[in-house]
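1. Let's see this in three dimensions:
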Amino acid sequence: MINIIEAKPLDNNILRVIFEGGEAFNVDINPFIKSGVSSALKDNSFFNSVRVEEGYITWPNGYDFCAEFPYEYAKSHHE
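-> Residues are numbered from 1 along each chain as shown. Okay, the predicted model is just below:
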């Protein structure tokens, strides 16, 4: 099981995601900001309201990512 211990907002809609065990990746959220609920992430102050709850990266409007998604996405896009 993959667990997220921290998600820190960086510039340009990038999150620094730290996983249990020490792995950390910068995850570009831009490809996932579309219309609807995700469009709120275009606002920097809203994007910065990110938090980790019960293993999910989440924002106050309910938009979220489970732990496996950013982990697999980061691993496949890591240089």
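
2. Could you list the low-confidence segments of the protein?
-> 78-79 (pLDDT under 70).

3. In it, spot the helix with the most residues.
-> Longest helix in the chain by number of residues (criterion: DSSP state H): helix 68-77.

4. other SSEs contacting that one?
-> Counting contacts by 3 or more C-beta pairs under 8 Å, 6 or more residues apart in numbering; DSSP states H and E, helix 68-77 packs against strand 14-19, strand 24-28. Quick note: C-beta positions are derived from backbone N, CA and C, even for glycine.

5. mind listing what's buried in the first one?
-> By that I understand strand 14-19. Ile14, Leu15, Val17, Ile18, Phe19 (16 or more other C-beta atoms under 10 Å).

6. what's next to the longest helix of the chain, contact-wise?
-> Ile2, Ile4, Leu15, Val17, Phe19, Glu23, Phe25, Asn26, Val27, Asp28, Ile57 (C-beta atoms under 8 Å, 6 or more residues apart in numbering).

7. Specify the beta-bridge partners of the last one.
-> When bridges are assigned using DSSP bridges, the partners listed for Ile57 are Val52, Phe65.

8. and if you look at the fifth one?
-> Phe19 forms beta bridges with Ile4, as assigned by DSSP bridges.

9. right, and it touches Asn3 too?
-> Yes. Here Phe19 lies in contact with Asn3, judged by C-beta atoms under 8 Å, at a distance of 6.6 Å.
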